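Engineer: fold the stuff below for me.
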Amino acid sequence: MPPSPLLRLMSLSRTLSFRVVAASLVSAVLATVGMTWWSVSVMQGQATRALLESSASGVEAVANLLSSRIEVLHTVLAGAEPHRAELWMSDRDSMQVHLDRQAGMLSLFDWVFLGDLSGELAVMSGSRPLPTAALRTQIDVVKWVKAQPLATASVANLVHVLKGHSPAIVLTVPVHGGQGQLLGMVGGVIDLQSPQLGSFRRVIEQDMEQSGARMVLVTRDGTIIFHPDGRRVLGNVVREPNLQAAYARWVDNGRTVHAEGVASLADDGLVAMAGMPASEWMVMRWLDVDQALLPLRQSVRVVWGAGLVVALLMGSLAGAGVWLSTRSVRRLQSQAERLLLQPEGMMGRDWLEEDSEIGRLARAFREVVEQREQRGAETRHLLDQLRAMLDLAPVGIAFARNGRIELISEHLARLLGRTVQSLVGERMDAIEVMSEDRAGLQQSVRASFADSGYFDGNARFVRPDGSEFHGRMRAREVVKGDFQAGTIWIVEDVTAELAAQKQLSWQAGHDPLTGLSNRLVFEQELKLAFDAPRTVEEPTFCALFIDLDRFKQVNDSAGHAAGDKLLCDLSLLMVAQVRQNDMVARLGGDEFAVLLPFCPLNRALDIAEAIRREVEAYRLLWDGQTLGVGASIGVISSNGAYESTEALMRAADAACYVAKHGGRNRVVVGEPAVARGAEAVELGEV
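Structural biologist: Below you'll find the model as predicted:
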């Protein structure tokens, strides 16, 4: 059954030719896309810079034009200053006539006035009827005079200069006397809603029409003088969502009014600003960047489309060229695959023969295959010999490389409860080790190999059936210092040897008849307890020395077998009366001892009395006889009165002696007086 198209495609994708063609195609596409991206980035950057420069220069031109209009108005006001001002200022009728004759000035302003230093508007004249309230209007002369000494003209902030009247722009020039003294002022008023402000509006509206931007004119404190939406006039620019951030930065920089235009990009558009230094006004313009750059972005989409088409075309041409150039490689691959499937002896036929780099590669490949086949045969022969040697070895042997088993002897496979076939190729972790030994074993192996390249240790192994055995493991690196070159492992079953050692160790410290600790172990534990540091709060240890009464009569009347049985039963009775951490030992013959760590004397006496009662109550039925013994017990407390364990044991022997010769089956506390009594008894017997 022929392979499916999907399988053929997957097989083709793994070939060198396909990868080279794919790499060429991707490289061509990426190169073209990268060049297109760079070109678009440069184009967008240049367009953005040009837009910023155009916006800055545009708003600067508007500001300069508005400033020139302000200067014209100041010039007209300055020309209206009367000669012999002292006489004019004292004659209101003359001043009124003078103002009414200023037709040019009256055409530029809604009203003009002549004011004195008292703040009274002495004379007013206008192109429109004057409201009655205007005749009673006063100027804040004190504030005005402070601003005038260094200036010949001024533009007041947008304030309600005329009480009871709509807001207006007020321009003033000082009136001086013959001696240069300040006599008053000549001023012009332009109502913000007046047609006289039309020249300002036309300049701004013409710019908005050409640029498609929104422009406002604001005072130094942020009050809006002009806005496309008349309802926002006299509002504050901080409430304009598109301009508030730019205005806040200008305020943070000290509110400096520069005539040069500046422009910057914000999240919501482009903001351009330019100042009018004479009036300290700012022209602010906001432009929707998305709308302004719409033609550019349409061009960018066209460029990207063209770039992708060119990329695909170049990639296709590059891929086709590479595919044709690798035809010989594909032929060599096909021939090599067919020849590798042929039986031995067919090697060397049907190889690619051409005088090119691919042809020379084919000849070299053929020679390599032939040499490898020859070395493979030699290697297989050596492996067969090695397997035979491994199977004859009395220990388990394995060879591992890169953490996997490559060779393993039949003996080791049987020892592990597995077959050779199931272990070859497996990781070394497949050999089961007791979980509590695994971490320590792995750490020891790594440390030993790092130190000497050799390992020798023991571990408990688990077979698949759950059985265990103790094994001794020895291993070394084939090449010292190169763990990856392989390691040789030798495993021996040492379960029986360890059990024998454990039995010998147990026998060395225990009585073979009763299973209790023997004299050697008891004396060692007694010395450890005696030498251990103690505090006042800790109780001292105590020791019981037990001598069975009339035990010899049991041996004489019933035999040694009965005596041994009695000793075993009494051992169990004694163990049952002591605490879990106490030690019961057989010192030899019918002598026993009990070590009671951290035990006060009164508790030790209770335990001794319990043992005495149990021994006294015990009866052994043996061949129709009822056998029993008593117990003479000496109790010793380590209270600092003894300089060594030998002195303590002598005191214990003395207490036991006094108990036996004082009527037997008694408990006696070992004290210096008891020891002297025991010596007296011994002397009396002598």
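Engineer: show me what contacts Leu596?
Structural biologist: Phe541, Cys542, Ala543, Leu544, Val578, Arg579, Asp582, Arg603, Ala604, Ile607 (CB atoms under 8 Å, 6 or more residues apart in numbering). Bear in mind the C-beta positions are built from the backbone N, C-alpha and C, glycine included.
Engineer: mind checking pLDDT for it?
Structural biologist: At Leu596, the model reports a pLDDT of 93.
Engineer: over to Leu504?
Structural biologist: 77.
Engineer: ok, it to Pro512 distance?
Structural biologist: 12 Å (CB to CB, to the nearest Å).
Engineer: just to revisit the earlier point, can I get the contacts of Leu596 in a markdown table including neighbour count and distance to Ser638?
Structural biologist: Below are the contacts of Leu596 laid out as a markdown table (neighbours: other CB atoms under 10 Å; distance: CB to CB, whole Å):
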| residue | neighbour count | distance to Ser638 |
| --- | --- | --- |
| Phe541 | 22 | 5 |
| Cys542 | 28 | 7 |
| Ala543 | 28 | 8 |
| Leu544 | 28 | 13 |
| Val578 | 18 | 17 |
| Arg579 | 11 | 17 |
| Asp582 | 20 | 14 |
| Arg603 | 14 | 14 |
| Ala604 | 24 | 11 |
| Ile607 | 22 | 15 |
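Engineer: report the two of those residues separated the most.
Structural biologist: Ala543 and Arg579 (13.8 Å; CB to CB).
Engineer: return the helix or strand in the protein with minimum mean pLDDT.
Structural biologist: When the helices and strands of the chain are scored by mean pLDDT, DSSP states H and E, helix 132-135 comes last with a mean of 47.
Engineer: quick check: domain ranges of this protein?
Structural biologist: Partitioning the chain according to automatic domain parsing yields domains covering residues 47-305, 345-378, 393-499, 510-685.
Engineer: mind putting those into CSV with distance to Val26?
Structural biologist: Below are these laid out as CSV (distance: least, CB to CB, whole Å):
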stretch, distance to Val26
domain 47-305, 18
domain 345-378, 24
domain 393-499, 35
domain 510-685, 78
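Engineer: wait, which of these is closest to Leu25?
Structural biologist: domain 47-305 (19.1 Å).
Engineer: what count of nearby residues applies to Arg239?
Structural biologist: 11 (other CB atoms under 10 Å).
Engineer: my guess is Asp582 contacts Ala593. True?
Structural biologist: No - contact criterion CB atoms under 8 Å: Asp582 and Ala593 do not qualify, at 10.9 Å.
Engineer: kindly list the longest helix within this protein.
Structural biologist: Longest helix in the chain, counting residues (DSSP state H): helix 16-79.
Engineer: show me how far that helix is from its chain's centre.
Structural biologist: Averaging C-alpha positions (CA atoms, centre = their mean, to the nearest Å) puts helix 16-79 42 Å from its chain's average.
Engineer: show me the shaky parts of the stretch 401-550 of the chain.
Structural biologist: Regions of the stretch 401-550 of the chain meeting the criterion pLDDT under 70 cover residues 430, 432, 434-436, 483, 534-539.
Engineer: where do the helices sit along it?
Structural biologist: 410-415, 420-423, 435-451, 495-509, 519-531 (DSSP state H, counting those that start in this stretch).
Engineer: got the angle for the fourth one vs helix 519-531?
Structural biologist: Inter-element angle recorded for helix 495-509 and helix 519-531: 70 degrees (by axes from the mean of the first three to the mean of the last three CA atoms, to 10 degrees).
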